[in-house]
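[1] for reference, the sequence and a predicted model appear below.
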Amino acid sequence: MRKFIQLEPLSQCDETRDPLFQTRVLRRVGCITYPGRVENIEVEKVSRNRIYLIRYDDGDEDHVPEEEVIENRVKKYSFLAKEFWI
C-alpha cells in the first residue's frame with residue numbers, strides 16, 4: 001500500500017542547481033533493468049524532502065526519494081575522448 005504525500009513544485013532555479021537534476025538512472029526490477037532520467041523535482045509539503053520524478057525510456061514515470069536516485073544513477077566516464085556509461 002502506497003502512502004499519499006502532498007508535493008509542491010521546486011522553483012526552476014533550485015531545480016537546475018540540484019546535482020541530481022537530469023541524472024540518468026538504471027533501475028532494476030527483478031531481472032529487468034529500466035533506463036530513465038530525472039525530469040522534475042518536487043518537495044514534500046511537511047518534511048521538505050525532495051522527491052524526484054524519473055521518466056523511464058519506455059514512457060513510465062515514478063516519484064522516488066533522493067536515496068534511490070543516488071543508488072541507481074549512471075556514472076559517466078570519459079576515456080580517450082569517448083564516453084562510456086556504466
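    Done, it's in. Small disclaimer: the values here were computed from a predicted structure and weren't measured.

[2] for this protein, what's the longest strand?
    In the chain, taking DSSP state E as the definition, the longest strand is strand 32-44.

[3] check which residues of it are buried.
    Tyr34, Gly36, Val38, Ile41, Glu42, Val43 (16 or more other Cβ atoms under 10 Å). Any C-beta I mention is one placed from the backbone N, CA and C, and that applies to glycine too.

[4] in TSV: these, plus distance to Pro19.
    As requested, those are exported to TSV (distance: Cβ to Cβ, whole Å):
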residue	distance to Pro19
Tyr34	22
Gly36	17
Val38	10
Ile41	11
Glu42	17
Val43	16
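
[5] and Asp14, what element?
    Using DSSP states H and E, the element containing Asp14 is helix 12-17.

[6] then Pro19?
    Using DSSP H and E, Pro19 maps to neither a helix nor a strand.

[7] how many neighbouring residues does it have?
    When counting by other Cβ atoms under 10 Å, one arrives at 8 neighbours for Pro19.

[8] still on that earlier bit, the helix holding Asp14 packs against which elements?
    strand 32-44 (3 or more Cβ pairs under 8 Å, 6 or more residues apart in numbering; DSSP states H and E).

[9] no further queries at this time; thank you.
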